[in-house]
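> pasting the structure only:
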């Protein structure tokens with residue numbers, strides 16, 4: 001699977017839709033999905049932020065990026081459409097420094113969101129995912145954490161992606177384009193994965209760590 005494409009079908013979106021948002025933002029810090037995004041922005045100097053899934057702007061309003069784009073078919077963000085529709089319109093040269101995926105929590109959609117995000121990720125950028133560690137099998141409901149963890153586990157098979165999960169806030173995944181030091185091999189297709197697989201292989205597949213471990217992971221990246 002490719003990472004960045006030279007061109008994509010569709011026209012470039014109106015540049016006015018990518019304008020900086022007015023007003024100061026008080027960034028949320030600490031062991032949460034918003035805290036991880038803001039940590040990346042602070043440590044890596046990221047400027048352009050894309051959020052997939054912006055219900056109530058709970059995360060969107062707490063991110064301190066210079067340019068913020070949010071996509072949600074129902075509420076919040078800046079673009080009222082699905083993520084598939086958004087990426088289909090995006091020109092191949094449009095790139096974001098950090099892309100946060102927290103939309104449809106079912107793994108088929110999350111797989112597409114990750115692949116599309118990789119195609120529009122700036123050099124040295126990062127993808128952040130929510131709901132990578134559901135608290136129980138019941139939390140695999142699409143209205144809760146869903147099966148997003150299966151998509152993360154699938155991408156852990158790739159040798160060109162380095163990824164970990166912050167073991168807080170229902171699991172905050174971080175993916176970057178870099179050699180994978182511990183690629184995994186899933187025992188079956190993603191549709192056949194179960195919560196029991198997650199429990200059995202949690203450490204190997206998800207590489208869970210605390211906030212200090214997330215900071216150490218990011219600090220080890222080459223200078224931007």
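Here it is on my side, so go on. This is a predicted model, so every value here is computed, not measured.

> where does this structure have low pLDDT?
1-27 (pLDDT under 70).

> scan it for its longest strand.
strand 121-129 (DSSP state E).

> could you check the angle the helix or strand following it makes with strand 121-129?
Where DSSP states H and E defines the elements, the next helix or strand beyond strand 121-129 is helix 148-155. Relative orientation of helix 148-155 versus strand 121-129 (axes from the mean of the first three to the mean of the last three Cα atoms, to 10 degrees): 140 degrees.

> in helix 148-155, what's buried?
148-155 (16 or more other Cβ atoms under 10 Å). For the C-beta atoms, the positions are set from N, CA and C on the backbone; glycine is no exception.

> could you list the paired strands of the longest strand of the chain along with their orientation?
strand 96-101 (parallel), strand 172-177 (antiparallel) (DSSP bridges).

> quick one, which of those strands is packed in tightest?
strand 96-101 (a mean of 26; mean count of other Cβ atoms under 10 Å).

> partner residues bridging the residue nearest the centre of the chain?
With distances taken as Cα atoms, centre = their mean, residue 128 lies nearest the centre of the chain, 3.0 Å away. Following DSSP bridges, residue 128 is listed with bridge partners residue 100, residue 174.

> what residues sit buried inside the strand or helix carrying residue 85?
Residue 85 belongs to helix 83-89 when assigned by DSSP H and E. Residues of helix 83-89 classed as buried: 83-84, 86-87, 89 (neighbour count, 16+ other Cβ under 10 Å).

> from residue 158, how far off is residue 114?
Look at residue 114 and residue 158: by Cβ to Cβ, to the nearest Å, they are 10 Å apart.

> more neighbours, these two?
Higher neighbour count among residue 114 and residue 158: residue 114, with 25 against 17, using other Cβ atoms under 10 Å.

> export the strands paired with strand 121-129 to a markdown table and tack on distance to residue 33?
Listed next are the strands paired with strand 121-129 as a markdown table, based on distance: least, Cβ to Cβ, whole Å:
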| stretch | distance to residue 33 |
| --- | --- |
| strand 96-101 | 7 |
| strand 172-177 | 5 |
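
> nearest to residue 107, out of those strands?
strand 96-101 (11.7 Å; Cβ to Cβ).

> quick one, the next helix or strand after that closest one and strand 96-101 angle?
Going down the chain from strand 96-101, the next helix or strand is helix 107-119, by DSSP H and E. Relative orientation of helix 107-119 and strand 96-101, computed by the same axes, to 10 degrees: 180 degrees.

> may I see the buried residues of helix 107-119?
For helix 107-119, by 16+ other Cβ under 10 Å, it's 107, 109-111, 113-114, 116-119.

> closest one of these to residue 99?
residue 117 (4.4 Å).

> ok, and the closest non-adjacent residue to that closest one?
residue 99 (4.4 Å; Cβ to Cβ, 6 or more residues apart in numbering).
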